[in-house]
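K.L.:
model this:
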Amino acid sequence: MGNKRIVTVKRVLFVTGLGVGYVLGARAGRERYEQIVRLTRRAAASAPAQRAGEFAREQLDSASESIARLTGELEEKSREFPGKLVHTAESLRADLKRRAVDFSDSFDDAQAQRLLGAAERHADAIDELESDDDSMIDSANADERNLNQP
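P.N.:
As a prediction, this is how the structure comes out:
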């Protein structure tokens, strides 16, 4: 039933658009213009056009009501959001603390020493990569000269 109404509204809008386009684009003179205006007014006053206009108003009212309802629901949910966010953050913090305690309980001194040794080796490797005595440095500044050539 709803699809038939939509098709009817589309047809009315199409015919209306055709009429308006013809009126605006016609170059047949004032008499033809007046004739088109009379026909358009008669068509707009017809029962089918009145029903289509009423249907369009009803649909617009229905859409406005739906938008108002959705806006209210959105407003309600937006008020609930901060509380839910705080609750979720607190739950995550508690879960993270519990996991940290579980991890530290299962982590022995030998594992800690191996982890610290690996971290020190990693830091040493980074320092070595960042050192100034890199043999790949262009001591003759050829890269700079090439970049500055016209």
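
K.L.:
which helices and strands does the longest helix anywhere in the chain pack with?
P.N.:
For the chain, the helix that runs over the most residues, judged by DSSP state H, is helix 47-106. For helix 47-106, the packing partners by 3 or more CB pairs under 8 Å, 6 or more residues apart in numbering; DSSP states H and E come out as helix 2-25. Where you see a C-beta, it was placed from the backbone N, CA and C, and this is true even at glycine.

K.L.:
Mean confidence (pLDDT) on the helix it packs on, please.
P.N.:
Mean per-residue pLDDT for helix 2-25: 75.

K.L.:
mind checking how far the helix or strand following that helix is from the chain centre?
P.N.:
Once helix 2-25 ends, the next helix or strand along the chain (criterion: DSSP states H and E) is helix 30-45. Averaging C-alpha positions (CA atoms, centre = their mean, to the nearest Å) puts helix 30-45 46 Å from its chain's average.

K.L.:
ditto for stretch 122-130
P.N.:
With CA atoms, centre = their mean as the basis, the mean position of stretch 122-130 lies at 44 Å from the chain mean.
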